[in-house]
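1. Just need the structure, nothing else, for what follows:
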Amino acid sequence: MPQTFGLLWFFLGAGVGTWWLSEQKNGHVAYQCQRRLGPASSRAGTQMMNSSEKMQDADAAPYQPYQRDWEPERARVRQFSRDAGDTFVEPSETTLNTILQATEALKVKIAEQRALREEERCMEEERRRGIPPRYV
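-> Reported below is the predicted structural model:
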């Protein structure tokens with residue numbers, strides 16, 4: 001159970017860290033902090049003004065997405081997925097084989113114990129038949 005929570009906290013931290021870095025790269029967090037705190041000096045005021053001018057310029061310019069050939073990346077991801085699947089299946093097969101062998105061994109052991117019990121029961125019945133009951 002503690003491992004599950006550790007994994008949860010890991011993914012939560014990874015998500016927050018990724019979000020924080022993306023916001024830092026875009027400059028949104030820094031801009032919001034300056035806006036909340038207010039300009040501490042004239043330099044901070046000009047920085048804030050420059051960043052607001054940049055934002056207005058960015059709004060005026062049309063958005064042009066970065067063009068990239070994604071096919072090599074897709075092929076690499078597919079290969080990674082296949083390798084991960086093979087890596088996952090191999091221990092699963094080994095585990096299933098181990099479980100199957102253990103189950104077969106237990107079946108043999110149970111059959112032996114059943115045969116011993118049956119043999120003891122037969123011997124007990126023969127002993128009862130051979131010795132007459134004593135009436136004292």
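
2. now the helices: where do they sit in this protein?
-> Applying DSSP state H to the chain gives helices spanning 2-26, 28-37, 42-60, 71-130.

3. how does the protein divide up, domain by domain?
-> 7-54, 96-129 (automatic domain parsing).

4. for the chain, which spans come out with low pLDDT?
-> Along the chain, segments meeting pLDDT under 70 span 1-4, 27-66, 133.

5. Can you lay out the helices of the chain as TSV showing distance to Val136?
-> (Glycine included, C-beta is placed from N, CA and C.) Shown next, in TSV, are those (distance: least, C-beta to C-beta, whole Å):
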stretch	distance to Val136
helix 2-26	68
helix 28-37	100
helix 42-60	111
helix 71-130	18
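
6. Would you reformat these as a markdown table and include mean neighbour count?
-> Shown next, in a markdown table, are these (neighbours: other C-beta atoms under 10 Å):
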| stretch | mean neighbour count |
| --- | --- |
| helix 2-26 | 10 |
| helix 28-37 | 12 |
| helix 42-60 | 11 |
| helix 71-130 | 10 |
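
7. For Asp69, give its distance to Pro132.
-> 99 Å (C-beta to C-beta, to the nearest Å).

8. hmm, I was thinking of Leu106
-> In this view, Leu106 and Pro132 are 42 Å apart by C-beta to C-beta.

9. What of Thr18?
-> From Thr18 across to Pro132, the span is 89 Å (C-beta to C-beta).

10. now do Ala105
-> Distance of Ala105 to Pro132, given as C-beta to C-beta: 44 Å.

11. Right, I'll call it a day here.
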